[in-house]
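Undergrad: Kindly return the folded structure for what I paste below:
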Amino acid sequence: MRNRTTTGLMSMVAAAVLAVGLAPGTAVAHDGHGRGGDSDKSDDWKKDSEQRKLVKTLRNVTEDYRWLQNAIDDDYEPASACVEKADGSGAMGFHYLKKDLLDDKTQARKPEVLVYMPNEHGRMKLVAVEFLSTAAEAPEIAGLEFEKGPFEGTWARHAWVWKDNPDGMFAAYNPDHSCPK
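TA: Got it, this is the predicted structure:
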């Protein structure tokens, strides 16, 4: 059972996340150091067995969500317009949140946020997942510590499981992305 403080924070974060969708292009994103681990190589995660296992798990559990309607049918809701770096040097995409998963736990099989970008035909395709946590201290998964999240009291970690990211599998932004104009 959740305590009142956690429930209140979850409600506040969920409301704030959904409100972000009202501000197109607003980059309320995270620290976004932009690097997966301590490297700028996009495939460094392949050298770490825990990270390889995490990516395999995420691809398996999100396969059906590669099509946006499947995510919507499973209660993922729009949480932001397209998030882009202020200088235009990269973007995350459109975030969809499953509010029931937002808590202080981090579970590889249950990413709280799915990140989509339109393909060349304008159809939204899953490119990344984002773990979003309300834990008191920065959690970690597969040896990767979370960054400060988009809202006070949150932590986040991206994984670009369906789109290559030159900055790394676990970077916040993808320099190959830009938000549609």
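Undergrad: When you work out contacts or count neighbours from here on, use the C-alpha atoms and nothing else.
TA: OK.
Undergrad: can you tell me which strand in this structure is longest?
TA: Using DSSP state E, we find that the single longest strand of the chain is strand 124-133.
Undergrad: distance of the closest residue to K110 other than its chain neighbours from E130?
TA: In space, and not counting its chain neighbours, K110 is closest to L101: 7.1 Å by Cα to Cα, 6 or more residues apart in numbering. In this view, L101 and E130 are 12 Å apart by Cα to Cα, to the nearest Å.
Undergrad: This protein: strands as residue ranges?
TA: 77-78, 83-84, 91-97, 113-118, 124-133, 140-141, 144-145, 147-148, 155-159.
Undergrad: hang on, the earlier thing: what do L101 and E130 both touch?
TA: Overlap of the contact sets of L101 and E130 (by Cα atoms under 8 Å, 6 or more residues apart in numbering) consists of P111, E112.
Undergrad: and the two? which has more neighbours close in?
TA: Comparing L101 with E130 by other Cα atoms under 10 Å, the one with more neighbours is E130, at 22 against 19.
Undergrad: which one is the more buried one nearest to, not counting chain neighbours?
TA: Spatial nearest neighbour of E130, chain neighbours left out: H158 (4.3 Å); criterion: Cα to Cα, 6+ apart.
Undergrad: follow-up on the earlier one: contacting residues around the residue nearest to K110?
TA: K110, P111, E112.
Undergrad: how close does it get to S80?
TA: Taking Cα to Cα, one finds L101 at 17 Å from S80.
Undergrad: K125: what's it in contact with?
TA: Here K125 is in contact with R66, W67, L68, Y116, M117, P118, N119 (Cα under 8 Å, 6+ apart).
Undergrad: And the helices in this protein?
TA: 4-20, 49-62, 68-73 (DSSP state H).
Undergrad: Lowest average confidence across those, which one?
TA: Mean pLDDT is lowest for helix 4-20 among the helices of the chain, at a mean of 43.
Undergrad: For Y96, state which of the contacts of L101 is nearest.
TA: E112 (8.3 Å; Cα to Cα).
Undergrad: Can you verify my assumption that the closest one contacts D104?
TA: No - counting by Cα atoms under 8 Å, E112 stays clear of D104, with 11.0 Å between them.
Undergrad: Can I get the contacts of L101 in a markdown table including distance to E50 and pLDDT?
TA: Shown next, in a markdown table, are these (distance: Cα to Cα, whole Å; pLDDT from 0 to 100):
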| residue | distance to E50 | pLDDT |
| --- | --- | --- |
| K110 | 17 | 95 |
| P111 | 17 | 96 |
| E112 | 20 | 96 |
